[in-house]
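pasting the structure only:
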Ligand SMILES: Nc1ncnc2c1ncn2[C@@H]1O[C@H](COP(=O)(O)OP(=O)(O)OP(=O)(O)O)[C@@H](O)[C@H]1O
């Protein structure tokens, strides 16, 4: 092994041989460089290098860009919704790169709002498209911008910059997306209103009804069905459009007074964030006035026609034809006077006027006497859902006990209360009144037991009296929902 290494070392060239070879190589390469410089001038070389580079690394030409301007300077536009939508949208896009941010608190809002300050830019992305926003005029570039004549007279406006080839996508998709988001956001943040119509125009006041689906006392299954129906209704804009039907839903709430019809309307409004319009038919002076009233009702609203059985105007279509046929029943439910519009006008107005506008609307009729209503009003399509609000039963009582006393789950007195409620016709309103008598849950529940026992005794005495007179006993109410 050592011998073979020694042999290999012997065969290696000596240091002087290597130095000589290196000197000869450097002299030759210097000679070549000089000859190359002589033959190829510097300009020709740089031309060749450029050609080489552009062939292999050709830089892309910068793409053509378009600019959209969103301003409020349109003669025939009351309000440019897109400007408001853009402001709201960009407030959600403000990031650490934005150094100047506007802050403010508006009376109708709970939190501090932020907005982009003039001159700030935001880079956004939509469907793979890069979009740059700028709030103009920039304080530094204001003069220049004005010279560029964007016609905004010093008012704030937005510029959107993007590649020209994406113009359609930005116009249709991106801006539509921003408008949709704005509608949802403003709907979520709006404070609910209750509208009444004391004269010929609707008047609004803040609606702060505390009832929600959590606190309304009713059969749980029925409650869930109503919520599901509302959810389905608001989600089906495209469906109603496709089948050419008005995007509206009709509910009839019926049941004895004090069973929660008004409370349920408030729960529906709070659930959907819809305003309530209370339509007093006795205040409507005729067909024209009715049309005007219905046309003044905005979308995302619940129109309530309360106690429809008490309105002689809408009780029966047969009465429209033969109004002279007075009967005692009429006098019992209404102040008799000549109808100022017919039931068919009311129904046609609701169907017709609202069909022409693709906006969601709910109409709720309430009555204590479903049996006296015209069948035309109850037809499917007019009343999509009929909801019976019944007397207070054990499930509903649990909700009331939780609302008023904070009693969740079970209580030793509940079994007795349940049994008593099953055999009685007591309204949730009457039970709610009992539950408010004290703050101590145990004390109140004892009082409720006493109250129900007294009711039961009263009914049994009445039954005994009826028996001795030869009459019938009391029936019992049940809850139901029908479509
Ligand atoms: N189902 C219920 N759930 C919760 N609270 C109820 C319910 N029913 C009645 N109440 C209580 O009773 C009060 C009166 O009820 P509400 O006005 O909703 O009944 P109503 O059926 O609309 O009566 P009316 O037919 O007389 O207008 C409510 O303010 C509420 O406190």
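Everything's here; your move. From a predicted model like this one, the values you see are computed outputs, not experimental measurements. Residues are numbered from 1 along each chain as shown.

OK, contacts around the residue in the chain that the ligand sits nearest to?
Residue of the chain nearest the ligand, by CB to the nearest ligand atom: residue 260 (2.5 Å). C-beta coordinates here come from the backbone N, C-alpha and C atoms, glycine included. Residue 260 is in contact with 216, 217, 218, 389, 428, 429, counting by CB atoms under 8 Å, 6 or more residues apart in numbering.

Make CSV from those and add secondary structure, neighbour count and distance to the ligand to it.
Below are these laid out as CSV (DSSP: H, G, I helix; E, B strand; the rest coil; neighbours: other CB atoms under 10 Å; distance: CB to the nearest ligand atom, whole Å):
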residue, secondary structure, neighbour count, distance to the ligand
216, coil, 24, 4
217, coil, 27, 3
218, coil, 27, 5
389, coil, 25, 6
428, helix, 25, 3
429, helix, 16, 3
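
CSV for those residues, including distance to residue 456 and pLDDT?
Shown next, in CSV, are the contacts of residue 260 (distance: CB to CB, whole Å; pLDDT from 0 to 100):
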residue, distance to residue 456, pLDDT
216, 26, 94
217, 20, 94
218, 22, 92
389, 22, 94
428, 18, 95
429, 19, 95
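
for the stretch 351-483 of the chain, what spans make up the strands?
361-367, 385-388, 481-482 (DSSP state E, counting those that start in this stretch).

Partner strands of the first one, with direction?
For strand 361-367, the pairing partners within the sheet under DSSP bridges are strand 248-254 (parallel), strand 301-305 (parallel).

What are the contacting residues of that strand?
Residues from elsewhere that reach strand 361-367, judged by CB under 8 Å, 6+ apart: 230, 233, 246-254, 261-262, 265, 268, 272, 274, 297, 299-309, 350, 354, 373, 377, 383.

Swap in 7 Å and give it another go.
248-254, 261, 265, 274, 297, 299, 301-309, 350, 354, 373 (CB atoms under 7 Å, 6 or more residues apart in numbering).

which among those end up buried?
248-254, 261, 265, 274, 297, 301-309, 350, 354, 373 (16 or more other CB atoms under 10 Å).

Give me every residue in the stretch 201-350 of the chain lying close to the ligand.
216, 217, 218, 257, 258, 259, 260, 261, 262, 263 (CB under 6 Å from any ligand atom).

Which ones among these lie within strands?
Among those, none falls in strands (DSSP state E).

Relative to residue 93, which of those residues is nearest.
Set against residue 93, the nearest of these by CB to CB is residue 216 (39.3 Å).

related to what we said a few turns ago, do you know which of the strands paired with strand 361-367 lies nearest residue 36?
Here strand 301-305 is closest among those (CB to CB), at 86.8 Å.

just to revisit the earlier point, of the strands of the stretch 351-483 of the chain, which stretch is the most buried?
Each of those was scored by mean neighbour count; the highest is strand 361-367, a mean of 24, by mean count of other CB atoms under 10 Å.

just the helices in the stretch 51-200 of the chain please.
81-91, 142-147, 167-168, 175-189 (DSSP state H, counting those that start in this stretch).
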